[in-house]
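S.K.: got a structure for you, letters missing:
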């Protein structure tokens, strides 16, 4: 068997070029032959443009917009922090803010007479704000079970 010819069990052999031509031509209903490549319509370019716009919107709403919001929130946090504020660091350490050192670092107290220099990005937020926003899942589960018990007791009465 060679690459240019296909041997069929009956002994006939076909040339690949003629086989390709036979596959691409078709007979229309009126008996004329037409090239099947011409009869297939290509998709319009407006569908491709719409698809690109759709993908761009998904990228914007899933990646770019949330990052902008997070950066804006962090900037407002850095603008509102002042000396003496209780803050929480990225490692979960509670500290007292002292001062900013250039645009990259901040000094915080983590214990009596223990001051450390950290990156600004290591500040998660003010302690009172984070405690209000973050709710412990275990406390929520306890509240739900207590609420269920009280509703059961009220229904029995």
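M.R.: Yep, that arrived. Just so it is clear, the model here is predicted, and its values are computed rather than measured. Numbers count the residues shown, from 1 in each chain.
S.K.: now residue 83: phi and psi?
M.R.: phi -60, psi 130 (degrees, to the nearest 10).
S.K.: do you know the pLDDT at it?
M.R.: pLDDT, residue 83: 94.
S.K.: touching, it and residue 106? I think so.
M.R.: No - between residue 83 and residue 106 there is no contact under Cβ atoms under 8 Å: 10.8 Å. In short, each C-beta sits where N, CA and C put it, glycine included.
S.K.: isn't there a helix covering residue 82?
M.R.: No - Residue 82 is assigned coil when assessed by DSSP: H, G, I helix; E, B strand; the rest coil, not a helix.
S.K.: any regions of the protein where pLDDT drops low?
M.R.: 1-43, 132-157 (pLDDT under 70).
S.K.: show me the domain layout of it.
M.R.: The record's domain split for the chain, according to automatic domain parsing, is 49-80, 83-137.
S.K.: now do the same end-to-end measure for the shortest one.
M.R.: With Cα to Cα, to the nearest Å as the measure, domain 49-80 spans 44 Å from end to end.
S.K.: coming back round to it: out of the domains of the chain, which is the most enclosed?
M.R.: Of all the domains of the chain, domain 83-137 carries the top mean neighbour count, a mean of 13, counting by mean count of other Cβ atoms under 10 Å.
S.K.: mind checking how far residue 130 is from residue 90?
M.R.: Applying Cβ to Cβ, to the nearest Å, the value for residue 130 to residue 90 is 12 Å.
S.K.: so what sits against both of the two?
M.R.: Jointly contacting residue 130 and residue 90 under the rule Cβ atoms under 8 Å, 6 or more residues apart in numbering are residue 124.
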